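K.L.:
coords please:
(one chain, ligands or ions: 1)
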Amino acid sequence: MTICRQGKGKRMISFKDVSKHYPNGTTAVDHLSLELPEGGITVLVGSSGCGKTTTLRMVNRMVEPSSGTVSVDGRDVLEADAAELRRGIGYVIQQAGLFPHRTILDNIATVPLLLGWGRRKARARAAELLELVGLPADSGKRYPHQLSGGQQQRVGVARALAADPPVLLMDEPFGAVDPVVRTQLQNELLRLQGELRKTVVFVTHDIDEAVRLGDRIAVFRTGGHLVQCAPPPNCWPPPPTTSWRASWAPNAD
Ligand SMILES: Nc1ncnc2c1ncn2[C@@H]1O[C@H](COP(=O)(O)OP(=O)(O)OP(=O)(O)O)[C@@H](O)[C@H]1O
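P.N.:
Just a heads-up that it's a prediction; the model follows:
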């Protein structure tokens, strides 16, 4: 079992000997112990089906562990009220997952409205977020289909940040856009993170994206095994022979 403790800060998210077995017999995550400090970007990387999404979703209890303990800010997620837990956790997915019949401003305001902020305050916050993620103010009146894929992803990030959650979960958020837009979105995320210092867990298949964004990189392999968790190498892009790049390779299983 690989145990990972990185960084000196407070442990915002902790996995203690966590396994997830699905009813069909699949072991998606196997005895995972991983501690993620506050205010950093941890990237979960690995080939398809190695348990990254399952790991991510155990943080906000969209998936419950079969054994072991997942804690956020020192509290076992299974003991928390699920709705309350999720209020403190932003969630961004591939293709943004925006509500098609709501304007961009209303999409971003979703969580503040659920929290009972009132329409005026929620919309003011949404307008602020629109600017923060680099979208023009007039895009707030449009509908998702009237924006490009990259713009929709920015809206997805803005929506996840709207209630100022300390934790942000990002599941392949830039996987569906072209490489140029992807680079722009990565830059935006790094800029935002410089300002906001959220605790970010970011899932990707793309090792170069992991190196670019991660303060630490957790490499998984099939069967939900954590192979390694470490800061990225100083050089970027890394030479193809670096050990963790080799351990990510699908044929390393
Ligand atoms: N609800 C489910 N029921 C049964 N098996 C599941 C379920 N969800 C995921 N799995 C299986 O668990 C394993 C891990 O899946 P998971 O989605 O966590 O992997 P992943 O690394 O995020 O994959 P990808 O990169 O392709 O999204 C896979 O074998 C998958 O088929």
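K.L.:
alongside the ligand, which residues does the chain contribute?
P.N.:
22, 24, 26, 28, 46, 48-54, 205 (CB under 6 Å from any ligand atom). (Each C-beta comes from the backbone N, C-alpha and C, glycine too.)
K.L.:
5 Å instead?
P.N.:
With CB under 5 Å from any ligand atom as the criterion, the chain meets the ligand at residues Y22, N24, T26, A28, S48, G49, C50, G51, K52, T53, T54.
K.L.:
closest one of those to P231?
P.N.:
Closest approach between those and P231, by CB to CB: K52, at 18.6 Å.
K.L.:
what score does that closest one have for pLDDT?
P.N.:
Note on K52: pLDDT of 94.
K.L.:
any idea how far A163 lies from the ligand?
P.N.:
Distance, A163 to the ligand, by CB to the nearest ligand atom, to the nearest Å: 26 Å.
K.L.:
mind pulling up the pLDDT for that residue?
P.N.:
With respect to pLDDT, A163 scores 84.
K.L.:
can you list the low-confidence ranges for the stretch 101-250 of the chain?
P.N.:
Across the stretch 101-250 of the chain, the ranges flagged by pLDDT under 70 are 234-250.
K.L.:
what's the burial count for the residue in it positioned nearest to the ligand?
P.N.:
Residue nearest to the ligand within the stretch 101-250 of the chain: H205 (5.7 Å; CB to the nearest ligand atom). H205 is flanked by 16 other residues according to other CB atoms under 10 Å.
K.L.:
spatially, which two of the residues of the chain next to the ligand are the most separated?
P.N.:
Using CB to CB, the pair of those lying farthest apart is N24 and K52, separated by 18.7 Å.
K.L.:
so M58 makes contact with V77?
P.N.:
Yes - here M58 reaches V77: they are 7.4 Å apart, a contact under CB atoms under 8 Å.
K.L.:
dihedrals phi and psi, L44?
P.N.:
The phi/psi pair for L44 (degrees, to the nearest 10) reads phi -100, psi 120.
K.L.:
do you know how far it is from V72?
P.N.:
In this view, L44 and V72 are 16 Å apart by CB to CB, to the nearest Å.
K.L.:
neighbour-wise, which of these two wins?
P.N.:
L44 (25 against 22).
K.L.:
what sits against the more buried one?
P.N.:
Neighbouring residues of L44 by CB atoms under 8 Å, 6 or more residues apart in numbering: K52, T55, L56, V201, F202, V203, T204, A218, F220.
K.L.:
among those, which are located in helices?
P.N.:
Mapping the contacts of L44 onto helices (DSSP state H) picks out K52, T55, L56.
K.L.:
dihedrals phi and psi, L34?
P.N.:
phi -160, psi 130.
K.L.:
count the neighbours of it for me.
P.N.:
24.
K.L.:
between N24 and K52, which has more neighbouring residues?
P.N.:
K52 (26 against 5).
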